[in-house]
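A.B. asks: My questions are about this predicted structure, shown below with the sequence.
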Amino acid sequence: MLLASVKLIKDIGPPWKYLIQQRHKERLNQFKCENKMKLYEGWQRNYPEYLPRKHRPKISPGLEQSIIDLKIQEAHLSFGFEVKSLRTFADSHSKKVESIDEEMNRLIVSTIEESDDQDRLKQAWSAEAKSGDLKAQAECSKSHEFLTKQMEKDIAEQVPMTKSKDTKQSPRDKKK
(Lines give C-alpha, C1' and ligand atoms only; values in the text may rest on other atoms or scores of the structure.)
Protein backbone atom coordinates (compact mmCIF):
# COMPACT_ATOMS: atom_id res chain seq x y z
CA MET A 1 0.00 0.00 0.00
CA LEU A 2 2.85 2.38 0.85
CA LEU A 3 4.51 1.82 -2.53
CA ALA A 4 1.23 2.45 -4.30
CA SER A 5 0.81 5.72 -2.38
CA VAL A 6 4.34 6.83 -3.27
CA LYS A 7 3.66 6.12 -6.95
CA LEU A 8 0.39 8.07 -6.76
CA ILE A 9 2.14 10.99 -5.09
CA LYS A 10 4.67 10.99 -7.95
CA ASP A 11 1.72 11.09 -10.38
CA ILE A 12 0.61 14.35 -8.78
CA GLY A 13 4.17 15.61 -8.94
CA PRO A 14 5.63 18.90 -7.68
CA PRO A 15 2.32 20.37 -6.44
CA TRP A 16 2.28 17.80 -3.61
CA LYS A 17 5.64 18.91 -2.23
CA TYR A 18 4.91 22.60 -2.77
CA LEU A 19 1.51 22.43 -1.07
CA ILE A 20 2.79 20.42 1.89
CA GLN A 21 5.56 23.00 2.41
CA GLN A 22 3.08 25.88 2.16
CA ARG A 23 0.74 24.12 4.56
CA HIS A 24 3.56 23.60 7.07
CA LYS A 25 4.59 27.26 6.83
CA GLU A 26 1.03 28.49 7.37
CA ARG A 27 0.38 26.06 10.23
CA LEU A 28 3.64 27.08 11.90
CA ASN A 29 2.68 30.75 11.65
CA GLN A 30 -0.78 29.96 12.99
CA PHE A 31 0.65 28.12 16.00
CA LYS A 32 3.16 30.91 16.66
CA CYS A 33 0.40 33.51 16.69
CA GLU A 34 -1.93 31.38 18.82
CA ASN A 35 0.76 30.49 21.36
CA LYS A 36 1.96 34.06 21.72
CA MET A 37 -1.65 35.31 21.95
CA LYS A 38 -2.52 32.82 24.72
CA LEU A 39 0.68 33.63 26.57
CA TYR A 40 0.04 37.38 26.37
CA GLU A 41 -3.60 36.97 27.42
CA GLY A 42 -2.39 35.04 30.47
CA TRP A 43 0.04 37.81 31.31
CA GLN A 44 -2.69 40.43 30.97
CA ARG A 45 -4.94 38.42 33.29
CA ASN A 46 -2.37 37.36 35.90
CA TYR A 47 0.08 40.28 35.77
CA PRO A 48 -1.92 43.31 34.57
CA GLU A 49 0.97 45.71 35.20
CA TYR A 50 3.49 43.66 33.20
CA LEU A 51 4.60 44.87 29.78
CA PRO A 52 6.83 42.89 27.41
CA ARG A 53 10.08 44.71 26.75
CA LYS A 54 9.12 45.85 23.27
CA HIS A 55 6.06 47.70 24.63
CA ARG A 56 7.77 49.47 27.51
CA PRO A 57 7.81 53.24 27.02
CA LYS A 58 11.06 55.15 27.03
CA ILE A 59 11.04 57.85 29.69
CA SER A 60 13.27 60.93 29.55
CA PRO A 61 14.66 62.35 32.79
CA GLY A 62 12.58 65.16 34.24
CA LEU A 63 9.36 64.11 32.51
CA GLU A 64 6.21 64.94 34.45
CA GLN A 65 4.48 62.04 36.17
CA SER A 66 1.21 62.69 34.29
CA ILE A 67 3.03 62.25 30.97
CA ILE A 68 4.75 59.11 32.25
CA ASP A 69 1.35 57.72 33.26
CA LEU A 70 -0.03 58.48 29.78
CA LYS A 71 2.92 56.75 28.13
CA ILE A 72 2.36 53.68 30.30
CA GLN A 73 -1.36 53.66 29.41
CA GLU A 74 -0.46 53.94 25.74
CA ALA A 75 1.95 51.01 26.10
CA HIS A 76 -0.77 48.84 27.68
CA LEU A 77 -3.14 49.74 24.83
CA SER A 78 -0.45 48.85 22.30
CA PHE A 79 0.06 45.51 24.06
CA GLY A 80 -3.69 44.87 23.95
CA PHE A 81 -3.83 45.67 20.24
CA GLU A 82 -1.00 43.25 19.59
CA VAL A 83 -3.00 40.48 21.25
CA LYS A 84 -5.99 41.28 19.02
CA SER A 85 -3.74 41.37 15.95
CA LEU A 86 -2.29 37.97 16.84
CA ARG A 87 -5.81 36.52 16.94
CA THR A 88 -6.56 37.96 13.49
CA PHE A 89 -3.29 36.65 12.05
CA ALA A 90 -3.87 33.18 13.55
CA ASP A 91 -7.34 33.04 11.98
CA SER A 92 -5.91 34.12 8.63
CA HIS A 93 -3.23 31.41 8.70
CA SER A 94 -5.84 28.81 9.70
CA LYS A 95 -7.99 29.74 6.71
CA LYS A 96 -4.98 29.42 4.42
CA VAL A 97 -4.33 25.90 5.78
CA GLU A 98 -7.95 24.96 5.08
CA SER A 99 -7.64 26.40 1.58
CA ILE A 100 -4.49 24.37 0.91
CA ASP A 101 -6.22 21.19 2.11
CA GLU A 102 -9.17 21.92 -0.19
CA GLU A 103 -6.82 22.60 -3.10
CA MET A 104 -5.04 19.28 -2.55
CA ASN A 105 -8.38 17.49 -2.37
CA ARG A 106 -9.40 19.01 -5.72
CA LEU A 107 -6.02 18.11 -7.21
CA ILE A 108 -6.33 14.49 -6.08
CA VAL A 109 -9.85 14.17 -7.47
CA SER A 110 -8.95 15.80 -10.80
CA THR A 111 -5.69 13.85 -11.28
CA ILE A 112 -6.51 10.36 -10.01
CA GLU A 113 -9.44 8.42 -11.49
CA GLU A 114 -9.80 5.41 -9.17
CA SER A 115 -11.71 6.19 -5.96
CA ASP A 116 -9.60 3.71 -3.97
CA ASP A 117 -6.46 5.50 -5.12
CA GLN A 118 -8.02 8.86 -4.27
CA ASP A 119 -8.80 7.60 -0.77
CA ARG A 120 -5.24 6.31 -0.36
CA LEU A 121 -3.81 9.65 -1.43
CA LYS A 122 -6.15 11.57 0.86
CA GLN A 123 -5.02 9.37 3.75
CA ALA A 124 -1.37 9.95 2.81
CA TRP A 125 -2.02 13.73 2.69
CA SER A 126 -3.71 13.63 6.10
CA ALA A 127 -0.84 11.64 7.61
CA GLU A 128 1.81 13.96 6.18
CA ALA A 129 -0.18 17.03 7.26
CA LYS A 130 -0.60 15.68 10.80
CA SER A 131 3.12 14.95 11.00
CA GLY A 132 3.87 18.50 9.86
CA ASP A 133 1.47 19.91 12.43
CA LEU A 134 3.27 18.04 15.22
CA LYS A 135 6.63 19.39 14.02
CA ALA A 136 5.23 22.92 13.85
CA GLN A 137 3.89 22.66 17.38
CA ALA A 138 7.26 21.46 18.67
CA GLU A 139 9.01 24.40 16.97
CA CYS A 140 6.62 26.85 18.62
CA SER A 141 7.20 25.55 22.12
CA LYS A 142 10.77 26.92 22.10
CA SER A 143 9.57 30.49 21.63
CA HIS A 144 6.90 30.03 24.28
CA GLU A 145 9.49 28.82 26.81
CA PHE A 146 11.82 31.74 26.04
CA LEU A 147 9.11 34.37 26.50
CA THR A 148 7.86 32.75 29.71
CA LYS A 149 11.37 32.65 31.20
CA GLN A 150 11.93 36.30 30.23
CA MET A 151 8.68 37.38 31.90
CA GLU A 152 9.37 35.34 35.04
CA LYS A 153 12.86 36.83 35.30
CA ASP A 154 11.50 40.38 34.88
CA ILE A 155 8.87 39.77 37.58
CA ALA A 156 11.41 38.18 39.95
CA GLU A 157 13.92 41.00 39.44
CA GLN A 158 11.13 43.62 39.61
CA VAL A 159 12.27 45.15 36.33
CA PRO A 160 10.58 48.55 35.87
CA MET A 161 7.92 48.73 33.17
CA THR A 162 9.59 51.76 31.61
CA LYS A 163 12.98 52.36 30.02
CA SER A 164 14.99 55.35 31.12
CA LYS A 165 16.67 57.18 28.26
CA ASP A 166 19.59 58.39 30.38
CA THR A 167 20.77 54.97 31.59
CA LYS A 168 22.71 52.37 29.67
CA GLN A 169 20.65 49.67 28.06
CA SER A 170 21.32 46.06 28.86
CA PRO A 171 22.83 44.02 26.02
CA ARG A 172 19.51 42.17 25.76
CA ASP A 173 17.64 45.47 25.09
CA LYS A 174 20.24 46.69 22.58
CA LYS A 175 19.55 43.74 20.29
CA LYS A 176 15.98 44.84 19.72
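C.D. replies: Now that the structure is in, tell me what you want to look at.

A.B. asks: Now residue 13: phi and psi?
C.D. replies: phi 80, psi -150 (degrees, to the nearest 10).

A.B. asks: Just the helices from this structure, written as ranges.
C.D. replies: 2-12, 14-46, 65-111, 115-156, 171-174 (DSSP state H).

A.B. asks: Which elements pack onto the second one?
C.D. replies: Under the contact criterion of 3 or more CB pairs under 8 Å, 6 or more residues apart in numbering; DSSP states H and E, helix 14-46 touches helix 65-111, helix 115-156. Any C-beta I mention is one placed from the backbone N, CA and C, and that applies to glycine too.

A.B. asks: Among the ones you listed, show the one with the smallest mean pLDDT.
C.D. replies: When those are ranked by mean pLDDT, helix 115-156 comes last with a mean of 88.

A.B. asks: now the angle from that helix to helix 14-46?
C.D. replies: Relative orientation of helix 115-156 and helix 14-46, computed by axes from the mean of the first three to the mean of the last three CA atoms, to 10 degrees: 30 degrees.

A.B. asks: For helix 115-156, name the packing helices and strands.
C.D. replies: Under the contact definition 3+ CB pairs under 8 Å, 6+ apart, helix 115-156 sits against helix 2-12, helix 14-46, helix 65-111.

A.B. asks: Can you tell me which of those helices is most buried?
C.D. replies: By mean neighbour count, with neighbours taken as mean count of other CB atoms under 10 Å, helix 14-46 ranks first of those at a mean of 17.

A.B. asks: Figure out how far that helix is from the centre of its chain.
C.D. replies: Centroid displacement of helix 14-46 relative to its chain, using CA atoms, centre = their mean, to the nearest Å, is 4 Å.

A.B. asks: what's the angle between that helix and helix 65-111?
C.D. replies: 150 degrees.

A.B. asks: and the closest residue to residue 15 other than its chain neighbours, what does it touch?
C.D. replies: Of all residues not flanking residue 15 in the chain, residue 107 sits nearest, at 5.9 Å (CB to CB, 6 or more residues apart in numbering). Neighbouring residues of residue 107 by CB atoms under 8 Å, 6 or more residues apart in numbering: 12, 15, 19.

A.B. asks: now residue 107: how far from residue 115?
C.D. replies: Noted for residue 107: a distance of 15 Å to residue 115, by CB to CB, to the nearest Å.

A.B. asks: Let's have the helices and strands packed on helix 14-46 in CSV, adding distance to residue 43.
C.D. replies: Listed next are those as CSV, based on distance: least, CB to CB, whole Å:
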stretch, distance to residue 43
helix 65-111, 9
helix 115-156, 6
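
A.B. asks: Relative to residue 46, which of these is closest?
C.D. replies: Closest to residue 46 of the helices and strands packed on helix 14-46 is helix 115-156 (CB to CB; 9.9 Å).
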